[in-house]
Each structure stands twice: as C-alpha cells, then as structure tokens.
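K.L.:
predicted model, plus sequence, below.
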Amino acid sequence: MGTPPFVTGPTTWRDEVAQVRSGGGLPLSRIAPDSVADGDGDEVMTEANRTALVRILGRVQGVSFRVWARDEAQKLGLVGWVRNEADGSVAALISGPEDAVTLMLERLHDGPPAAWVSKVVAEFVEAPEGVSGFRITR
C-alpha cells in the first residue's frame, strides 16, 4: 500500500474531523501488529475503541461493496454495520481499536475491484453500547 499524501496531516481528533469534513481524508496511523484481531467477528467494543460513521460515495452499489466491507472489517476485528442508502451511497458504522479503524477508513477509499469510490466522509461519534460483530443491515 502506498503512502497517502496526507500522512503528515492533522495531529488531534478535532483536526481530523475538520479535515474529513473538508474532504481531505484521514491521516494514516502506524499500524501495530497486535492491533489487528483474529477476524472471527466476535470482538466486543471496549473503552479504548474509536467509532466512525462513514458515508462512501461513487459507484458503490451493485459491486459487492457491503460484502467486501464486512469481510475487511472482520479481518481487522472491527464491529459495526454497513448498508446501502437510497441515494446510491453506502453508509457504515465502524468501531474498534483506533489503528484498525484508521486502516479500514483507508481501505474504504479503494473498495472492492468493481467499485469506484469518489469520496469517503467520516465523522467520529460516540460508540454505541452492546455492538458485537460486523453486519450487513440492508
């Protein structure tokens, strides 16, 4: 994976949110090998997790984007959901270790082979309670 041009971007959470809202994407954190779970989908959120509500725009429906996103999220040990939206976009709630969430956000910019992603917009939100596994909801 190549290094994105915004690696040296924002340094605080508020800076990251401002950069995402302006369409600039997220910085790529250094991924620690022990931050990736075993991928069985049974991970449960804890206090140290980060949660992002994400909207993916482009040609992202009818290209197996949701199945791909679920599989990628499970490999990273993330919990949450992914769904198609009526406007043709895909929405997702991803939660887990900060490095894994950041890596998933980077992967969403590429998507599966048949997809064409024009924009990924993420907003960091409070983690919902009691979420486990990663599901396709519609």
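P.N.:
That came through, no problem. Numbering: from 1, shown residues only.

K.L.:
what ranges does this structure have for its strands?
P.N.:
For the chain, the strands defined by DSSP state E occupy 49-59, 79-84, 90-97, 116-125, 134-136.

K.L.:
now the first one and strand 116-125, what's the angle there?
P.N.:
So the one you mean is strand 49-59. Orientation check (axes from the mean of the first three to the mean of the last three CA atoms, to 10 degrees): strand 49-59 against strand 116-125 gives 150 degrees.

K.L.:
buried residues in strand 49-59, which are they?
P.N.:
Neighbour-count burial for strand 49-59, counted by 16 or more other CB atoms under 10 Å, picks out 49-52, 54-58. The way it works is simple: take the backbone N, C-alpha and C, and place the C-beta from them, glycine included.

K.L.:
flag the least confident of these.
P.N.:
Across the buried residues of strand 49-59, the bottom pLDDT score, 82, is held by Asn49.

K.L.:
may I have the beta-bridge partners of the nearest residue to Glu85 once chain neighbours are set aside?
P.N.:
Of all residues not flanking Glu85 in the chain, Ala91 sits nearest, at 5.3 Å (CB to CB, 6 or more residues apart in numbering). Counting by DSSP bridges, Ala91 forms beta bridges with Arg55, Arg83.

K.L.:
sorry, back to before: Phe124: which of the buried residues of strand 49-59 is nearest?
P.N.:
Ala52 (5.5 Å; CB to CB).

K.L.:
not including adjacent chain positions, what is the nearest residue to that closest one?
P.N.:
Nearest residue to Ala52, sequence neighbours excluded (CB to CB, 6+ apart): Ala122, at 4.5 Å.

K.L.:
from Val101, how far off is the one you found?
P.N.:
Computed with CB to CB, to the nearest Å, the distance linking Ala122 and Val101 is 9 Å.

K.L.:
overlap in contacts of the two?
P.N.:
Common contact partners of Ala122 and Val101 (CB atoms under 8 Å, 6 or more residues apart in numbering): Ala52.

K.L.:
hmm, back to that, got the contact list for the residue nearest to Glu85?
P.N.:
53-56, 82-83, 85.
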